[in-house]
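*Asks:* Sequence and predicted structure are below.
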Amino acid sequence: MPLLGCIADDFTGATDLASMLVRNGMRTVQLIGVPTAGTEVPQADAVVVALKSRTAPVASAVQESLAALAWLRAAGCRQYFFKYCSTFDSTTRGNIGPVADALLHALGERFALICPAFPANERTVYQGHLFVGSRLLNESGMEKHPLTPMTDADLVHLMAAQSTGEVGLISYRTVAAGAEAIATALGELAGQGIRYGVVDALDDGHLRAIGTAIAGQVLVTGGSGVAMGLPENFRRAGLLAANPDPGALPAVSGAAAILAGSCSRATRSQIAAAERHLPVLRLDPLAQPDPEVLLTSALDWAGSRLGRIPVVIAASAAPEAVAALQERLGRQRAGELVEGVLARIAEALLARGVRRLLVAGGETSGAVVSRLGVQRLRIGREIAPGVPWTLAEGTCGPLRLALKSGNFGGPEFFTQAFAED
Ligand code: ADP
């Protein structure tokens, strides 16, 4: 039976959390979307249900999260984790508060922690204020995010505005005093009828102390950072065996491919680096905005090149080219065109023997995974922080799959990803 049941509000965020749990000794499986009553409970220590609820209307975010919780409870989990982004991405109407309220209510609990801190990625919380590097959240660029603009860095304010409950703070001084002091402070807040405790955290030592302090909390909410301390609680309680290799995956043989739809700076430099070592095809949706033409040209090109060495097919382009296509087709149609073509290319490559696939881009990954009928991902070793190899299962058959959110990974990511295969 799984010990920890997690609900993630977006797809690559779910993988990031799953990877954190594997790194800390839990065998973890990620399920795509709300599992149905008949979905088999995976043999794993932790299960992460990946939803797309971050920017969904509040009512459907709540409803999907509750459905995921009901499934995880039926699966026998002992503790639950609501995962959101380490930049607390929430719409101005705010999905995090209502979802957390509903999960607490369903569990019959009165208190939960709020902890988006992820110091390894420079997200820290001090006096309840969220920093990205040296900038407050609302001065970090997140205030201009197209879908979830964050114009306030004060998590106590943000959560109080989104939730129907009261919100308190456990500040740095208490956190630095260690797990016992944190547990006492959590108990005091809960005793005063306060529903949420925002907790400061500046480094991994703080996150591990917080993790120890929340061993007995039924619901934890946070970014993937605060999950690092949870596996140790289960080990201490004798519930989790020492897993020497929690990310071990069965070998999968077959041809290799990389599909890139992210236009982030990181992904574009990874493509440029790959051009020195690997066969790379750059799709030009601006010159050929016809999905059939793009699909056929990609498959013709890949045909004789498929094998152990990965082929790279990239739609990724510089901001001017992206803007030009968006101007021509509209923002949404441009995105859908490219995502749809890459998803169909993925499907056709699988039919031609590709069994090891890496996809770059959050939305692009979502499109590919849906098209291939992936239902679950068993999480393996990390290629780079937050990007693990996985074993994908579903109607696609066993597939070695890695999903990279656009900005993750160093310049040689593509050339190194398959190095140990
Ligand atoms: P990231 O993780 O970097 O945000 P996403 O896949 O989420 O990457 O988003 C990138 C978006 O850009 C996708 O909707 C993709 O279809 C679109 N896109 C990719 N290449 C192009 C291009 N050449 N022109 C216009 N849009 C593109």
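*Replies:* Perfect, thanks for sending it. Numbering: from 1, shown residues only.
*Asks:* hey, let's count contacts and neighbours off CA atoms from now on
*Replies:* Noted.
*Asks:* which residue packs closest to the residue in the stretch 151-300 of the chain that the ligand sits nearest to, ignoring adjacent ones?
*Replies:* The nearest approach of the stretch 151-300 of the chain to the ligand comes at Ser262, 3.5 Å away (Cα to the nearest ligand atom). Using Cα to Cα, 6 or more residues apart in numbering and skipping the chain neighbours, the partner closest in space to Ser262 is Gly361 (4.2 Å).
*Asks:* three-state assignment of the residue of the stretch 151-300 of the chain closest to the ligand?
*Replies:* coil (DSSP: H, G, I helix; E, B strand; the rest coil).
*Asks:* thinking it is in contact with Ala360, fair?
*Replies:* Yes. The criterion here is Cα atoms under 8 Å, and Ser262 meets it with Ala360 at 5.7 Å.
*Asks:* Need the residues touching each of those two.
*Replies:* Shared contacts of Ser262 and Ala360 (Cα atoms under 8 Å, 6 or more residues apart in numbering): Ser405, Gly406.
*Asks:* hmm, back to that, quick check: phi and psi on the residue nearest to Ser262?
*Replies:* phi 120, psi 130 (degrees, to the nearest 10).
*Asks:* wait, what's in contact with Pro250?
*Replies:* Counted by Cα under 8 Å, 6+ apart, Pro250 has contacts Leu391.
*Asks:* So what does it look like in phi/psi?
*Replies:* Pro250 adopts backbone torsions of phi -60, psi 150, taken as degrees, to the nearest 10.
*Asks:* what about the longest strand in this structure?
*Replies:* strand 374-384 (DSSP state E).
*Asks:* and that strand, which strands flank it?
*Replies:* strand 28-32 (antiparallel), strand 387-394 (antiparallel) (DSSP bridges).
*Asks:* Pick the most buried one from the ones you listed.
*Replies:* strand 28-32 (a mean of 26; mean count of other Cα atoms under 10 Å).
*Asks:* Now that strand: average pLDDT?
*Replies:* Averaged over strand 28-32, pLDDT sits at 97.
*Asks:* quick one: that strand to chain centroid distance?
*Replies:* 11 Å (Cα atoms, centre = their mean, to the nearest Å).
*Asks:* contacting residues around it?
*Replies:* 14-15, 18-19, 21-22, 42, 44-51, 246, 374-379.
*Asks:* I'd like a version of the strands paired with strand 374-384 in a markdown table, one that adds distance to Leu219 as further columns.
*Replies:* As requested, the strands paired with strand 374-384 are exported to a markdown table (distance: least, Cα to Cα, whole Å):
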| stretch | distance to Leu219 |
| --- | --- |
| strand 28-32 | 18 |
| strand 387-394 | 26 |
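*Asks:* which one of those strands lies closest to the ligand?
*Replies:* strand 387-394 (12.1 Å).
*Asks:* buried stuff in stretch 160-178?
*Replies:* Within stretch 160-178, the residues scored as buried using 16 or more other Cα atoms under 10 Å are 160-163, 165-172, 174-176, 178.
*Asks:* List the residues that contact Ile313.
*Replies:* Ala257, Ile258, Leu259, Ala260, Val280, Leu281, Arg282, Leu283, Ala298.
*Asks:* Just give the nearest non-adjacent residue to the fifth one, would you?
*Replies:* Across the structure, with Cα to Cα, 6+ apart as the measure, the residue nearest Val280 apart from its sequence neighbours is Val312 (4.6 Å).
*Asks:* do the same with Arg371
*Replies:* Arg371's closest residue in space is Ala343 (Cα to Cα, 6+ apart), at 6.0 Å.
*Asks:* which parts of the protein sit against the ligand?
*Replies:* By Cα under 6 Å from any ligand atom, the residues of the chain that approach the ligand are 261-264, 285, 315-317, 322, 325, 334-336, 338-339, 361-364, 405-407.
*Asks:* before we move on, the earlier item: the longest strand of the chain: how far from the chain's middle?
*Replies:* 11 Å.
*Asks:* ok, Thr36 - how many residues close by?
*Replies:* Per other Cα atoms under 10 Å, the neighbour tally for Thr36 reads 10.
*Asks:* Repeat that for the one 5 residues further on.
*Replies:* A total of 18 residues lie near Val41 under the criterion other Cα under 10 Å.
*Asks:* ok, now which ones touch it?
*Replies:* Val41 neighbours (Cα under 8 Å, 6+ apart): Met1, Ala75.
*Asks:* Give me the phi and psi angles of it.
*Replies:* Residue torsions, per degrees, to the nearest 10, at Val41 are phi -80, psi 120.
*Asks:* Next: Arg54.
*Replies:* Phi and psi for Arg54, reported as degrees, to the nearest 10, are phi -60, psi -40.
*Asks:* got a list of what Ala318 touches?
*Replies:* Ala318 is in contact with Cys263, Arg268, counting by Cα under 8 Å, 6+ apart.
*Asks:* can you give me the mean pLDDT across the longest helix seen in the chain?
*Replies:* Identified as the longest helix of the chain according to DSSP state H is helix 331-351. The average of the pLDDT scores along helix 331-351 is 95.
*Asks:* Other residues contacting that helix?
*Replies:* Identification of contacts with helix 331-351 by Cα under 8 Å, 6+ apart yields 259-261, 285, 289, 291, 294-295, 298-299, 315, 325-326, 363-364, 367-369, 371-372.
*Asks:* Pull that helix out as PDB, backbone CA atoms only.
*Replies:* The C-alpha trace of helix 331-351 is given here as PDB (Å, rounded to 0.1, in the frame of the first residue of the first chain):
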ATOM      1  CA  ARG A 331      -1.600  32.600 -29.800                       C
ATOM      2  CA  GLN A 332      -3.700  29.600 -29.000                       C
ATOM      3  CA  ARG A 333      -3.900  28.100 -32.500                       C
ATOM      4  CA  ALA A 334      -0.100  28.600 -33.000                       C
ATOM      5  CA  GLY A 335       0.500  26.600 -29.800                       C
ATOM      6  CA  GLU A 336      -2.000  23.900 -30.600                       C
ATOM      7  CA  LEU A 337      -0.600  23.500 -34.100                       C
ATOM      8  CA  VAL A 338       2.900  22.900 -32.900                       C
ATOM      9  CA  GLU A 339       1.900  20.700 -29.900                       C
ATOM     10  CA  GLY A 340      -0.400  18.700 -32.100                       C
ATOM     11  CA  VAL A 341       2.300  18.100 -34.800                       C
ATOM     12  CA  LEU A 342       4.900  17.000 -32.200                       C
ATOM     13  CA  ALA A 343       2.400  14.700 -30.500                       C
ATOM     14  CA  ARG A 344       1.600  13.100 -33.900                       C
ATOM     15  CA  ILE A 345       5.300  12.800 -34.600                       C
ATOM     16  CA  ALA A 346       5.800  11.000 -31.300                       C
ATOM     17  CA  GLU A 347       3.000   8.600 -32.100                       C
ATOM     18  CA  ALA A 348       4.400   7.800 -35.500                       C
ATOM     19  CA  LEU A 349       7.900   7.400 -34.100                       C
ATOM     20  CA  LEU A 350       6.700   4.800 -31.600                       C
ATOM     21  CA  ALA A 351       5.100   2.900 -34.500                       C
END
